[in-house]
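[1] Next one to model:
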Amino acid sequence: MLISPPFLPQRAASSPDDPWLAQAMNGGGFGDGAFPLGSDMAWHGGVHLVAPSHDGKRLPVCAMADGTVVYVRQPKPQTSNANDPLNYGGGWSDNGCVVIRHETEIGESVTVRFFSIILHLKRIASNVKQGQKIWRKDEVGEAGSIYGKPGRVHVEIVCDDANLVALVGRASGALNTGKDGRLTSVFGHAYLRLPAGTPLYDTIPLPPEHVGFWPETTALSKPTWSSTDALVVGIDLARPHGTHYVTYAMDGKTIGSMPAAADTTLFDTACALAKRTQGGVGRDAYELLRFGRVLEPLGNAAGLQDWQQVAYPGGQGWVNLHAEGVHAFSDADFPDWCGWQLVDDDADSDSRCDSATLIDLILQSQGGATKARRADALGKVAGADAQARLAYTICKFPTEWEKATIATRWQWLTKETPPDAGPIAGPYLKPEDFPRFKAHSEALCFWEDADLGIPSKHWHFHPREFVRVFRQCGWLSKDEMIQLFPKTAMREAAHHQWVSEPITVLPRTVAGYHNELNKACRRYGIVTPLRMAAFYANAMVETQWFARLEERVNNAHPPRYYPWNGRGFMQLTWPDNYIKYWLFIGRDVDDDLASRLKAAHKEVERRHKHHLPNENEPLAVLEATVAAAHMKPWRTETGDGTRIDISADTAGTFWAWNGFAKNADTEPVNQRTSKPATGTGSHMYYSSPGMRSVAVAINGGGNGLVARFQAYNTCEVVLLDTPAFPGSNKPNEPQDYKPRHS
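    Numbers count the residues shown, from 1 in each chain. Okay, the predicted model is just below:
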């Protein structure tokens, strides 16, 4: 899923998300369009956001994700007529409305559908038409007025029961912590739930033969502390910001944190851990260190131990995060200790909140939804702590946009008195004023006209928190992945003469590759926009735009490394790299043969340096021995299309052991560059130092570097929020950029 806020202030791609989201999605305070409750304790399905400004102009409203426009209502022109239904409650409210249906993926075979509702638009962009596709970041329109306050929109995220399960992993209630979280969708932080009684140690209590692997260890230590309650350890190893282990109580309170090594060191740590475990496999250990569990075991995953130093109340200690009784989760499980709650206990059909769960959450005590407790909740709901807790609720209640049920949902306003009113006060709304209220509501309603195909009582998410959590996902749908390919790329046809050629991409090819590529990127932490951009830009060029998983070889003049030529999405080359990968995934490789191949590699390089004939002969003469060791099929399957999982995994592993994330994480500094075209004129593209470093390291030189930059530029547009391209006719797109939409 690729998702962004409805407003897009300019940002640095390498900067943290949270401050930017606060700027992009400002508003929604209690009494001014808060979620999920309004000032009279009535349900409110979204938030009112204030459009940020840039150069004195309000930013446009944009599509939050790719989707299909399913409903458009053009705004009514503002009038000074005081009796107009839209002139109500303190001023004019624009009624322009756009509803978008979004269908994407958040994991293997996890397809999700949700709707974004944008209301109170004063202008709708001309390209927004019902039934047509719309793409993330496309302009939707201009924020209008809400009760006389300009530059505001109501934004809502909703789904039905089936898609709630797909999105959050359960249909109701709390997360089941008696087993691991879901495997199909894993993203964001990893969380390890330590059961009550879990021992922690000053030093790691390992058998003597294991002492020395972890720092400062002595054998057979005694526990120094045991938990009386369950604890949670959160891990985030795939982000350039804030890599650490954080210990939480089950109610989400932070107990303490400990620093962790950057994820670029995980490969070496995992290999060392696997060597010290009988039947241990490096890739299993790598997944364990990243996710707190092994998602796709290759060896004795159960025998691996993950000793980490974590905080506990009053100190720090070592704990095995892979011990029996420890269960692993991720942000994809919407865990309780992060504040997430599913609320579905308001049984009636009116708009007043009668949810005991929500009232208990506000009051931080149990007692149900009595009239007195509802009054108490109204007195506390505006507080910052209460609003923070409510933002993580996912609530099921009736839409406020259905005309036919206005009386059913709102008649209580004419019968109930505000709890903070005096003894002679009347109801919230006088009966004689209800018709005008109803007319105003009808002017905003759209539910029957939109016909979204979901029940009018459905699930609502806080839009900002929905965006925040799913921006961590990193899993691309087939259609999202196709967009990463540039429409054209440059090639040097003759000396200093460049041609720009169209790039053909077959959707069925991407469909066959995208699951395994997503899994490899997830496994190796290639889940931030910058890392994904650098990875995919290089993978596209290495494979000739996904057309070839094996390097084309001229048999008359084979490359010096033949037959260990490039295979997989990063074109793994040379026997040393193949063997390093095979050992990492637990395959047996004869040490003597590995040494002979290493020596042959060295001899090939010597011959190449001195321009000697038959430079690849030292490798060729070992082919019979390689075949006898059953290594030929391993080599072949990397690039023949029979094991796409291997083709993708070799690419991710190569990325990991070389630590490419470090350069990929650097802020893009796009520099406008040109190459002379064949004939006359020139072709424009943008280079970037960080991408250059990754590309040169992957390819060993500058081969295809211009095409890699062009692919990276396209990936920047698709994956980043506001990439900067100086001198372009559109500042957030390369010069003359053309998107690839399936």
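[2] what helices or strands is the lengthiest helix in the chain leaning on?
    Longest helix in the chain, counting residues (DSSP state H): helix 591-609. Here helix 591-609 touches helix 575-584, helix 617-620, helix 623-628, going by 3 or more CB pairs under 8 Å, 6 or more residues apart in numbering; DSSP states H and E. (C-beta placed from N, C-alpha, C; glycine too.)
[3] change it to 7 Å
    Helix 591-609 sits against helix 575-584, helix 617-620, with contacts defined as 3 or more CB pairs under 7 Å, 6 or more residues apart in numbering; DSSP states H and E.
[4] Switch these over to a markdown table; also include distance to residue 546.
    As requested, those are exported to a markdown table (distance: least, CB to CB, whole Å):
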| stretch | distance to residue 546 |
| --- | --- |
| helix 575-584 | 21 |
| helix 617-620 | 28 |
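[5] ranking the ones you listed by mean pLDDT, which is last?
    Mean pLDDT is lowest for helix 617-620 out of the helices and strands packed on helix 591-609, coming in at a mean of 92.
[6] what's the spacing between that one and its chain's center?
    45 Å (CA atoms, centre = their mean, to the nearest Å).
[7] Let's see the pLDDT reported for residue 603.
    94.
[8] how's this protein carved up into domains?
    17-171+340-470, 190-331, 476-549+645-742, 555-640 (automatic domain parsing).
[9] In JSON lines: those, plus mean neighbour count.
    Shown next, in JSON lines, are the domains of the chain (neighbours: other CB atoms under 10 Å):
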{"stretch": "domain 17-171+340-470", "mean neighbour count": "18"}
{"stretch": "domain 190-331", "mean neighbour count": "18"}
{"stretch": "domain 476-549+645-742", "mean neighbour count": "19"}
{"stretch": "domain 555-640", "mean neighbour count": "17"}
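[10] Is it possible to get CSV of those that adds distance to residue 1?
    Shown next, in CSV, are the domains of the chain (distance: least, CB to CB, whole Å):
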stretch, distance to residue 1
domain 17-171+340-470, 5
domain 190-331, 13
domain 476-549+645-742, 7
domain 555-640, 22
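[11] Please name whichever of those is nearest to residue 184.
    domain 17-171+340-470 (4.5 Å; CB to CB).
[12] still on that earlier bit, which of the helices and strands packed on helix 591-609 sits closest to residue 654?
    helix 575-584 (7.0 Å).
[13] Point out the other elements, helices or strands, that the closest one touches.
    Using 3+ CB pairs under 7 Å, 6+ apart, helix 575-584 sits against helix 282-291, helix 591-609, helix 644-658.
[14] Kindly recompute the last result at 8 Å.
    Using 3+ CB pairs under 8 Å, 6+ apart: helix 575-584 touches helix 282-291, helix 591-609, helix 632-637, helix 644-658.
[15] Tell me the first helix or strand C-terminal of the helix or strand bottoming out on mean pLDDT in the chain.
    The helix or strand of the chain with the lowest confidence, counting by mean pLDDT, DSSP states H and E, is strand 223-226 at a mean of 85. Remark: after strand 223-226, the chain's next helix or strand is strand 231-236, criterion DSSP states H and E.
[16] Paired strands for that next one, with orientation please.
    Using DSSP bridges, strand 231-236 pairs in its sheet with strand 190-194 (antiparallel), strand 244-249 (antiparallel).
[17] Could you dump the ones you listed into a markdown table and include distance to residue 11 and mean pLDDT?
    Formatted as a markdown table, those follow (distance: least, CB to CB, whole Å; pLDDT from 0 to 100):
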| stretch | distance to residue 11 | mean pLDDT |
| --- | --- | --- |
| strand 190-194 | 26 | 97 |
| strand 244-249 | 23 | 93 |
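[18] And for residue 485, nearest residue in space, chain neighbours not counted?
    Once flanking residues are discounted, residue 485 sits nearest to residue 505: 4.7 Å by CB to CB, 6 or more residues apart in numbering.
[19] quick one: the longest helix of the chain to helix 575-584, angle?
    150 degrees (axes from the mean of the first three to the mean of the last three CA atoms, to 10 degrees).
[20] Could you check how far helix 591-609 is from the centre of its chain?
    43 Å.
[21] who touches residue 733 in this structure?
    717, 723, 725 (CB atoms under 8 Å, 6 or more residues apart in numbering).
[22] Run through the protein and note the low-pLDDT ranges.
    Residue ranges of the chain with pLDDT under 70: 206-221, 237-243, 420-425, 742.
[23] next one: the top strand by length along it to chain centre, how far?
    Taking DSSP state E as the criterion, the chain has its longest strand at strand 110-124. Chain-centre distance of strand 110-124: 19 Å, with CA atoms, centre = their mean.
[24] which helices and strands does that strand pack with?
    strand 46-50, strand 67-73, strand 96-107, strand 139-146, strand 149-159, helix 161-168.
[25] who are the neighbours of the last one, in terms of helices and strands?
    Counting contacts by 3+ CB pairs under 8 Å, 6+ apart, the secondary-structure elements packed against helix 161-168 are strand 110-124, strand 457-461.
[26] Touching the helix or strand following the longest one from outside, list them.
    Following strand 110-124 in sequence order, the next helix or strand is strand 133-134 (DSSP H and E). The contact list for strand 133-134, computed with CB under 8 Å, 6+ apart, reads 63, 66, 67, 68, 69, 100, 127, 128, 140, 741.
[27] List the residues that contact the third one.
    This means residue 67. 100, 101, 102, 103, 116, 133, 134.
[28] would you turn these into a markdown table with distance to residue 705?
    Output for the contacts of residue 67, formatted as a markdown table (distance: CB to CB, whole Å):
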| residue | distance to residue 705 |
| --- | --- |
| 100 | 38 |
| 101 | 40 |
| 102 | 36 |
| 103 | 36 |
| 116 | 39 |
| 133 | 33 |
| 134 | 34 |
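[29] now, the most widely separated pair of those?
    Taking CB to CB, no two of the contacts of residue 67 sit farther apart than 116 and 133, at 14.3 Å.
[30] Residue 270 sits in which helix or strand?
    Assigned by DSSP H and E, residue 270 falls in helix 266-275.
[31] wait, residue 279 sits on residue 297?
    No. In this structure, residue 279 is not within contact of residue 297 by CB atoms under 8 Å, at 10.5 Å.
[32] Just the closest of the contacts of residue 733 to residue 465, please.
    The nearest member of these to residue 465, counting by CB to CB, is residue 723 at 25.2 Å.
[33] ok, now which ones touch the closest one?
    Counting by CB under 8 Å, 6+ apart, residue 723 makes contact with 13, 668, 670, 716, 717, 732, 733.
[34] Spatially nearest residue to the second one (excluding sequence neighbours)?
    Across the structure, with CB to CB, 6+ apart as the measure, the residue nearest residue 668 apart from its sequence neighbours is residue 688 (4.6 Å).
[35] so how far is residue 706 from the one you found?
    Distance, residue 688 to residue 706, using CB to CB, to the nearest Å: 12 Å.
[36] One more: residue 625?
    Residue 625 sits 41 Å away from residue 706, going by CB to CB.
[37] and the end-to-end length of stretch 12-22?
    Start-to-end span of stretch 12-22 (CA to CA, to the nearest Å) is 15 Å.
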